[in-house]
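Asker: For reference, the sequence and a predicted model appear below.
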Amino acid sequence: MTKRWLKLAAVPLALMFVIAACGSDSDSGSSETTAASDDSAASDGGETMDFGGAEVTITGSERDDPSVAAINDTLNEHFNPMGLTITFAGDADWEANINTQVQGGNPPNISFFPQPGKLADFARQGFLQPLDDAAVASIEANWAPDFAAFGLVDGVQYGTPAKSDLKGIVFYKPARFAADGYEVPTTFEEFQALVDTMAAAGGSKPLCVGIESGTATGWMFTDWTEDMVLRQWGGEVYDGWVTNEVKFADERIQESMQTVLDLWTEQNVFAAGGTISATNFGAPVAESHLADDCYMVRHSNFFAGLYPAGTAFADGSDNAIDVFYFPDINGDGPVLTAGTIAGAFDSDPATMAVMAYLATPEYAQIRQGKQTANLDGSISGYLSGAKGQDPSVYQPLEQSFLEILSTADFVRFDGGDLMPADVGSGSFWSEGTSMVNGDKTVAEGAAAIDATWPSS
């Protein structure tokens, strides 16, 4: 497993006590539910809760068969003995359909939100229910405060972290680094120097980069920028930036965008499509990296699943892929993440019990094991920031992901997902692409993005 940067000590990964909880005394909206306790899914005497044949429906944007099967199997394995059946349905049009369901008064019991901002909007509109005490206790016991905050709305806990995506990691080949005399950088200054040295040597480029993604072209530039804002200016400036207190035209944000563009020069980047904006962010970049067209790819944990079948990961072989942490600048160990946050549309005890269980390391471990099995041992694509997981359920490369995620000094969610859609998944993408193409300067692009920020 790749070592975490040396200044951080790994957190213990011993298994923690698992909380499986029920909610309030209110009558079930889906079935009659009997409860032995209002605070947990098992009484102090060890009696298992009986939900009397209740059903809980969950929706979300995860829709690949291995993920859907793993979610359903994990939850039903835990809750079926309690007389509770769970049905998770993945939906390619989740965002549009959840709006329709909510407006029509027919939402699921729970939904997995990929954007904390959307969860907050629903909570403020009164569509989501605050979590009960047991679910809140489960989150507090099993997640670091930075992660718990993703589901916090105006001081009230509405969301449970359900899945964590790790960004700001660099894929590389350890054996190739060693053969060519390169070492893993532990500071951003060392990373920049390494890029310069590789570029000067000729041959393979230092980086493979692509930002093409159909109507979402440009989001990879926003990811790099978010990482740079975190590393250069810290969490406070980042938080102000995603809420528009700090403008894109602010000199600090412009500097972060320019830092990315200064790395993405022709001498530094291999782009399979001829240009960065014409190169798809996914499989073409992975294939170029595997073929040694470049040394490094800064990406997210899911990128491992985009390498061709049969790719070796972290096994010590000559062509194996591993990762290292995208180095920080100020020694404050930030990590950029994304993922899903579960929100509940009712306060039924069965719903709240599921919300509490989703926050546990037990749920994460079992889902990870099942998802890996569903993929015949391939990289699962799933990751959780829950504390106390047994790392043995993860493969060596995934253990590197887990180590980086669990030893972060502080964590922030993907900025584009926190901004209004017109900006975060609109002008930030399109104007970022214009900057990458050289059609606009950073100052021009920043001003154009600021002009699209909603007035309210």
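Answerer: That came in fine, so what should we check first?
Asker: isn't M355 right up against A344?
Answerer: Yes. Counting by Cβ atoms under 8 Å, M355 touches A344, with 5.4 Å between them. Any C-beta I mention is one placed from the backbone N, CA and C, and that applies to glycine too.
Asker: which neighbours do the two share?
Answerer: By Cβ atoms under 8 Å, 6 or more residues apart in numbering, M355 and A344 have these common neighbours: I110, L131.
Asker: what about these two, which has more around it?
Answerer: More crowded of M355 and A344, by other Cβ atoms under 10 Å: M355, with 32 against 27.
Asker: Now the more buried one. Nearest residue, chain neighbours left out?
Answerer: Of all residues not flanking M355 in the chain, A135 sits nearest, at 4.4 Å (Cβ to Cβ, 6 or more residues apart in numbering).
Asker: Also E77?
Answerer: Nearest to E77 is I366, by Cβ to Cβ, 6+ apart, at 7.0 Å.
Asker: Could you point out the longest strand of the chain?
Answerer: Longest strand of the chain, by residue count under DSSP state E: strand 334-344.
Asker: Which helix or strand contains Y238?
Answerer: helix 219-242 (DSSP states H and E).
Asker: doesn't V170 fall inside a helix?
Answerer: No. Counting by DSSP: H, G, I helix; E, B strand; the rest coil, V170 is not part of a helix but strand.
Asker: what about the helices in the stretch 51-200 of the chain?
Answerer: 65-79, 94-103, 116-124, 133-142, 145-148, 174-179, 188-201 (DSSP state H, counting those that start in this stretch).
Asker: shaky segments in this structure?
Answerer: Residue ranges of the chain with pLDDT under 70: 1-47.
Asker: Please convert the helices of the stretch 51-200 of the chain to a markdown table, extending it with distance to E398.
Answerer: Formatted as a markdown table, the helices of the stretch 51-200 of the chain follow (distance: least, Cβ to Cβ, whole Å):
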| stretch | distance to E398 |
| --- | --- |
| helix 65-79 | 14 |
| helix 94-103 | 25 |
| helix 116-124 | 24 |
| helix 133-142 | 19 |
| helix 145-148 | 18 |
| helix 174-179 | 16 |
| helix 188-201 | 23 |
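Asker: looking at those helices, which is closest to A249?
Answerer: Across the helices of the stretch 51-200 of the chain, A249 has its closest neighbour in helix 116-124 (21.9 Å, Cβ to Cβ).
Asker: by how many degrees do the closest one and helix 219-242 diverge?
Answerer: Comparing the axes of helix 116-124 and helix 219-242 via axes from the mean of the first three to the mean of the last three Cα atoms, to 10 degrees yields an angle of 50 degrees.
Asker: Compute the first-to-last residue distance for stretch 324-331.
Answerer: Using Cα to Cα, to the nearest Å, one end of stretch 324-331 lies 16 Å from the other.
Asker: any residues touching that stretch, and which ones?
Answerer: In contact with stretch 324-331 (Cβ under 8 Å, 6+ apart) are residues 2, 4-5, 7, 168-170, 172, 184-191, 227, 231-232, 234, 298, 334, 404.
Asker: Now do the buried residues in that stretch.
Answerer: Within stretch 324-331, the residues that count as buried by 16 or more other Cβ atoms under 10 Å are F324, Y325, F326, P327, D328, I329.
Asker: May I see the residues you listed arranged in JSON lines, with secondary structure and distance to F127 as well?
Answerer: Below are the buried residues of stretch 324-331 laid out as JSON lines (DSSP: H, G, I helix; E, B strand; the rest coil; distance: Cβ to Cβ, whole Å):
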{"residue": "F324", "secondary structure": "strand", "distance to F127": "42"}
{"residue": "Y325", "secondary structure": "strand", "distance to F127": "38"}
{"residue": "F326", "secondary structure": "coil", "distance to F127": "37"}
{"residue": "P327", "secondary structure": "coil", "distance to F127": "41"}
{"residue": "D328", "secondary structure": "coil", "distance to F127": "38"}
{"residue": "I329", "secondary structure": "coil", "distance to F127": "40"}
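Asker: Direction-wise, compare the longest strand of the chain with helix 133-142 and give the angle.
Answerer: 160 degrees.
Asker: same for the helix or strand following strand 334-344, what does it pack against?
Answerer: Next in sequence after strand 334-344, counting helices and strands by DSSP H and E, comes helix 349-358. Helix 349-358 is packed against strand 54-60, helix 65-79, strand 84-90, strand 110-113, helix 133-142, strand 159-166, strand 334-344, with contacts defined by 3 or more Cβ pairs under 8 Å, 6 or more residues apart in numbering; DSSP states H and E.
Asker: Relative to T360, which of these is closest?
Answerer: When these are compared by Cβ to Cβ, helix 133-142 sits nearest T360, at 5.7 Å.
Asker: Output that closest one as PDB, restricted to C-alpha atoms.
Answerer: Taking C-alpha atoms only, helix 133-142 is exported to PDB below (Å, rounded to 0.1, in the frame of the first residue of the first chain):
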ATOM      1  CA  ASP A 133     -31.400  11.300  18.200                       C
ATOM      2  CA  ALA A 134     -30.200   7.700  17.400                       C
ATOM      3  CA  ALA A 135     -29.300   8.500  13.800                       C
ATOM      4  CA  VAL A 136     -27.500  11.700  14.900                       C
ATOM      5  CA  ALA A 137     -25.600   9.700  17.500                       C
ATOM      6  CA  SER A 138     -24.600   7.100  14.900                       C
ATOM      7  CA  ILE A 139     -23.200   9.900  12.700                       C
ATOM      8  CA  GLU A 140     -21.300  11.500  15.500                       C
ATOM      9  CA  ALA A 141     -19.800   8.200  16.600                       C
ATOM     10  CA  ASN A 142     -18.700   7.000  13.200                       C
END
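Asker: Just the buried positions in that helix, please.
Answerer: Of all the residues in helix 133-142, those buried under the rule 16+ other Cβ under 10 Å are D133, A134, A135, V136, A137, S138, I139, A141, N142.
Asker: May I see these arranged in JSON lines, with distance to E62 as well?
Answerer: As requested, the buried residues of helix 133-142 are exported to JSON lines (distance: Cβ to Cβ, whole Å):
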{"residue": "D133", "distance to E62": "28"}
{"residue": "A134", "distance to E62": "25"}
{"residue": "A135", "distance to E62": "21"}
{"residue": "V136", "distance to E62": "24"}
{"residue": "A137", "distance to E62": "26"}
{"residue": "S138", "distance to E62": "21"}
{"residue": "I139", "distance to E62": "20"}
{"residue": "A141", "distance to E62": "25"}
{"residue": "N142", "distance to E62": "21"}
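Asker: which two in those residues are spaced the farthest apart?
Answerer: Pairwise distances across the buried residues of helix 133-142 (Cβ to Cβ) peak at 14.9 Å, for the pair D133 and N142.
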